[in-house]
Every structure is written in structure tokens, then in C-alpha cells.
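Asker: Return atomic coordinates for the entry below.
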Amino acid sequence: MTDIDTTYDLLSVGAHPDDVEVGAGGVLIGLTERGYRCGIVILTEGEMGTGGNAEIRSREVARAAEVLGVDIVRTFDWGDTRLEDSYQHRLDLAAVIRRTRPKIVLAPYPHVGHGRRQSHPDHVACGIIAINAANLASLKKADLPGDPHMVKRIFHYFLPPRVSPNFVADITPYFDQWIKALSAHESQFLNPGKAKDYIDTLTSMARSFGLQAGCKYGQGFYAVEPILVNDIMTLVKEG
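Answerer: Reported below is the predicted structural model:
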């Protein structure tokens, strides 16, 4: 955990110790390699996961963070499978946002999916808490330490089936390092007791996002507000 006051370009919020790696890990690797400072906040200890426990998962996320090149800004213990939006949770996360002052916040998509592949309730709650915390962090009269801070943009990952990304980040150059970060979570993704090959599944998802956007591997995000572009030629710029 990072205790010093540090300004970050981007803060990524996840409900569980591996969420940020799964949904945005490749993007974070690319940003840190380009000199941006990125931090992650985890809202639960992941103690209800099929593999591992809170202590094991804490060690795994620390190893993954080293691969990503990010800081673990804060880990809360708000209850795996019991995560709920509350005013106190909003305040606690808003205090972190004021302290770190990110330009961008990444958080899970804040609405449940439909059909067989429902969104995890913790992911939905995490997205809602992040939105509300970002709002509180900007209010002068909020009962919070530090100066108000307005996050410029919130982008969502973990999109349910009915929601298509409205932008995809190319992670092809960072794919191998991303897999290394995922593999740091051995209890989740390299657990022989699990029948499903999660690394293969996540690779397929990255290929799917990449195919949609015209690259080999991508990670998809949803922006609620339109993205302002000053020069549309940057949208077809190579490299």
C-alpha cells in the first residue's frame, strides 16, 4: 500500500484483487511504460474466491502490481460478495481520490447484465461506488480532507454481453507482460483444481476486442459521455 501523497494520472478501482489486471491490465502496462503514473484501489480482499484466501491473494496482487508497474494505493476490506454502495464507502474512496488526484478513473461497468452471463454483484457495486465517490471528491462542502478534485473522465471495463465497447485500447505490444501479470494470481488462474482455463478465456476476449477494433489484442471500455477529439486524424494514426 502506498501511504505517501502522490498525484496519479490514472486510478483503477476493482472489487477484487485481480479485477484491474483482468479488465485493464494491458492498458496499465502501456501507460506506465510511457511514463504515466497509475495506481489501483481494491475494495475487498477476495476472501470468497474458490482458490486462495485473503493473505494469499494479497501476496498475488503485490506480485502482479510489480509486473504492471503500478502502485497499490489502498486495499479496503468491504466484504467479498457483500460489497454495497453506502455513503461511508463513497466517502472513503472519495478521500483516496482527493489524495491521489487522478485525471482518469477506471471502474467496472455499473449495471448488471442480462441472460446467463450476469455481472458479478460486487463489480456492479464497485462501479457505482466509484461514480459516487468521484462526485463527492469534487464537492467543496463534502466532509472530506483535502481540496476538492474533479476527475476528468471515468471509463468502464467488465462490460456485460449487451454492452459493446465504444473504444478499444490496443494491448498487442504488452500482451505477454499482461499474461505474466494475470499469472501472478496463481490461486485464480493457474489453479489445477479449477476446470476452466481462465487465461485462455481472457486471451480469447482480448482477441475479440482486438478484432472489433483492428488490432491483435485489445481491451474494451465504455465511456458514458462522448469523447472529445480535436483532430480526427489521430483516430487513424499508426503506432
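
Asker: Can you tell me which helix or strand of this structure has the lowest average pLDDT?
Answerer: When the helices and strands of the chain are scored by mean pLDDT, DSSP states H and E, helix 186-189 comes last with a mean of 93.

Asker: packing partners for it?
Answerer: helix 54-68, helix 198-213 (3 or more C-beta pairs under 8 Å, 6 or more residues apart in numbering; DSSP states H and E). The C-beta positions use only the backbone N, C-alpha and C, and glycine is treated the same way.

Asker: How far off centre is that helix?
Answerer: Taking C-alpha atoms, centre = their mean, to the nearest Å, the mean C-alpha location of helix 186-189 is offset from the chain mean by 18 Å.

Asker: ok, now stretch 88-105?
Answerer: Computed by C-alpha atoms, centre = their mean, the chain-centroid distance of stretch 88-105 equals 14 Å.

Asker: Could you do stretch 212-225 as well?
Answerer: Centroid displacement of stretch 212-225 relative to its chain, using C-alpha atoms, centre = their mean, is 14 Å.

Asker: What's the end-to-end length of it?
Answerer: One end of stretch 212-225 to the other measures 21 Å (C-alpha to C-alpha, to the nearest Å).

Asker: Pull out the buried residues from that stretch.
Answerer: Neighbour counts over stretch 212-225 (16 or more other C-beta atoms under 10 Å) mark 215, 217, 218, 219, 220, 221, 222 as buried.

Asker: Same check on stretch 149-159?
Answerer: If you call a residue buried by 16+ other C-beta under 10 Å, then stretch 149-159 has these buried ones: 149, 151, 153, 154, 155, 156, 157, 158, 159.

Asker: neighbouring contacts of stretch 172-182?
Answerer: For stretch 172-182, the surrounding residues in contact (C-beta atoms under 8 Å, 6 or more residues apart in numbering) are 18, 21-22, 25-26, 29-30, 33, 64, 67-68, 171, 189, 198-199, 202-203, 206, 210, 215-218.

Asker: So how do I select the buried members of those in PyMOL?
Answerer: Here is the PyMOL selection string for the buried members of these, based on 16+ other C-beta under 10 Å:
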select buried, resi 18+21+22+25+26+29+30+64+67+68+171+189+198+202+203+206+210+215+217+218
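
Asker: Would you mind measuring from the nearest residue to residue 102 once chain neighbours are set aside to residue 162?
Answerer: For residue 102, ignoring the flanking residues on the chain, the nearest one in space by C-beta to C-beta, 6 or more residues apart in numbering is residue 11 at 3.9 Å. According to C-beta to C-beta, to the nearest Å, residue 11 stands 27 Å off from residue 162.

Asker: again with residue 174
Answerer: Counting by C-beta to C-beta, the gap from residue 174 to residue 162 is 28 Å.

Asker: got the angle between the host helix or strand of residue 28 and helix 54-68?
Answerer: Take DSSP states H and E as the rule and residue 28 turns out to sit in helix 19-33. Interaxial angle of helix 19-33 relative to helix 54-68 (axes from the mean of the first three to the mean of the last three C-alpha atoms, to 10 degrees): 30 degrees.

Asker: For the chain, which segments count as strands?
Answerer: Secondary structure of the chain by DSSP state E: the strands cover 10-14, 38-42, 71-75, 104-108, 153-157, 167-170, 218-223.

Asker: which ones are touching residue 190?
Answerer: So residue 190 contacts 183, 199 (C-beta under 8 Å, 6+ apart).
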